[in-house]
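Colleague: sequence plus predicted model, see below.
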Amino acid sequence: MGTTTPYLTFSRTQDESISTIKWILRDIEALGNKPTFVSHIGDISYARGYSWLWDEFFNLIEPVASKVPYHVCIGNHEYDWPSQPWKPEWSNSIYGTDGGGECGMPYSLRFNMPGNSSEPTGTRAPATRNLYCSFDMGPVHFVYMSTETNFLLGSSQYNFLKHDLESVDRTKTPFVVVQGHRPMYTTSYGSRDAPLRERMLEHLEPLVVKNNVTLALWGHVHRYERFCPLKNFICGSMGLKGEVWEALPVHVVIGMAGQDWQPTWEPRPDHPNDVVFPQPKMSMYRTGEFGYTRLVATKEKLVLSFVGNHDGEVHDMVDILASGQVINGGDGDSGEVSEVLKDEAMRKRAASGRGWTSLKSEETSKELKM
């Protein structure tokens, strides 16, 4: 997300972060005392070695973080540096200097996530913390992972993820949401992190598919993009017409909370009919709008909504049943946004948080994600 700053001595700040926090605060105040938290999955402050930007970031989020837990996940702009200890040869073009020499230290010391995961920094500084963990909230089991440290088969993180996902009690938490910074799937600059995503698909996708993960949420690409229920680049059937269906994870890229650099999809002037990064069928909805997502869950249904910053309204939504069946959020044949978003009354209920079945507060989980 990043932060804005009143100083003219720093040329690149993220002014859209102001609107993101404004709308999130609106939602939190409307919820009252219902259980909720914020999840920020990497690229937190974009301080990159300028410690005073961390202070500006915390000033920005204070109205939210003083009311609800503020959970985080490490990204390249908190960690990456040439001396980082895990940097296999295939990652030389991926793990660079984006962390500005912080090596995860401010991130480790300013936040306190569950668990005790850590990795050496490759310097004399203490180990980097808050890398991977999990916890339950209401009917959802949340899993956080690090795409900046070793996640390959046999690593400590892989072993944690495997054991954790295999141990989920689906009678208690029927939904499982995995979160990490760099996306496993994206249709923007697909070649950039290709070696990393190849390893994620090889080592991690079998875990999330086998263990029926409901949602996989990613950042890094500064766009919103929601995919169909997906396995190995192939959309699974939603079963809405009585056909056989399989519970597959829905991948969503949600890196649009504030950073002002975004990939472009518009045709180039010299190729007006050729879209940059065409939208394939598996990409159900994508937009360049800044904003954030809301996740609301009962024991029967999980709803993920994308809220745009320009108006604070819901612009995309997907519903997933406890069985894993995706019941709306796009047409399996055309890729168009589902009818639920064409119903203005539903859109207004979704925007206000009133569009879901009411259950006891302990059975409901609400999460605001960036």
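Modeller: Cool, got the structure. Residues are numbered from 1 along each chain as shown.
Colleague: what is the subsequent helix or strand relative to the helix or strand bottoming out on mean pLDDT in the chain?
Modeller: The weakest-scoring helix or strand in the chain, judged by mean pLDDT, DSSP states H and E, is helix 344-352 (a mean of 40). Where DSSP states H and E defines the elements, the next helix or strand beyond helix 344-352 is strand 365-369.
Colleague: just checking: what are the partner strands of that following strand?
Modeller: strand 36-41 (parallel), strand 291-297 (antiparallel) (DSSP bridges).
Colleague: elements contacting the helix or strand just after the first one?
Modeller: Following the chain from strand 36-41 toward its C-terminal end, the next helix or strand by DSSP H and E is helix 51-65. With contacts defined as 3 or more Cβ pairs under 8 Å, 6 or more residues apart in numbering; DSSP states H and E, helix 51-65 has these neighbours: helix 16-31, helix 105-110. C-beta: built from backbone N, CA, C; applies to glycine.
Colleague: can you pull the buried residues of helix 51-65?
Modeller: Across helix 51-65, burial judged by 16 or more other Cβ atoms under 10 Å covers Leu53, Trp54, Glu56, Phe57, Leu60, Ile61, Val64.
Colleague: show residues contacting it.
Modeller: Helix 51-65 has contacts (Cβ atoms under 8 Å, 6 or more residues apart in numbering) with 2-5, 10, 17-18, 21, 24-25, 28, 38, 44-47, 70, 106, 110.
Colleague: weed out the non-buried ones from these.
Modeller: So, of these, 2-5, 17, 21, 24-25, 28, 38, 44-47, 70, 106 end up buried under the neighbour-count rule (16+ other Cβ under 10 Å).
Colleague: in space, what's closest to Glu166 - neighbours in sequence excluded?
Modeller: Asn211 (6.2 Å; Cβ to Cβ, 6 or more residues apart in numbering).
Colleague: count of neighbours near that neighbour?
Modeller: Using other Cβ atoms under 10 Å, Asn211 has 19 other residues around it.
Colleague: again, but for Gly255
Modeller: Using other Cβ under 10 Å, Gly255 has 27 neighbouring residues.
Colleague: next up, the contacts around it.
Modeller: Asp43, Pro183, Trp218, Gly219, His220, Val221, His222, Arg223, Tyr224 are the contacts of Gly255 under Cβ under 8 Å, 6+ apart.
Colleague: one more time with 7 Å
Modeller: Gly255 makes contact with Gly219, His220, Val221, His222, Arg223 under the criterion Cβ atoms under 7 Å, 6 or more residues apart in numbering.
Colleague: surely the first one is in contact with Ile44?
Modeller: What that stands for is Gly219. No - in this structure Gly219 lies outside contact range of Ile44 using Cβ atoms under 7 Å: 10.1 Å.
Colleague: pLDDT below threshold where in the stretch 1-150 of the chain?
Modeller: 7-13 (pLDDT under 70).
Colleague: got the buried residues for stretch 294-301?
Modeller: For stretch 294-301, by 16+ other Cβ under 10 Å, it's Arg294, Leu295, Val296, Ala297, Thr298, Lys299, Lys301.
Colleague: all strands in the stretch 51-200 of the chain, in order from the N-terminus.
Modeller: Taking DSSP state E, counting those that start in this stretch as the test, the strands found in the stretch 51-200 of the chain are 70-73, 118-119, 128-129, 133-137, 140-144, 175-180.
Colleague: Gly101: which of these is closest?
Modeller: Gly101 lies closest, by Cβ to Cβ, to one member of the strands of the stretch 51-200 of the chain: strand 128-129, at 13.0 Å.
Colleague: got the strands paired with strand 365-369 as CSV, with distance to Gln279 columns?
Modeller: Shown next, in CSV, are these (distance: least, Cβ to Cβ, whole Å):
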stretch, distance to Gln279
strand 36-41, 23
strand 291-297, 19
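Colleague: what values do phi and psi take at the closest residue to Asn112 other than its chain neighbours?
Modeller: Take Asn112 and drop its neighbours on the chain: the residue closest to it by Cβ to Cβ, 6+ apart is Asn130, 7.3 Å away. Asn130 adopts backbone torsions of phi 60, psi 50, taken as degrees, to the nearest 10.
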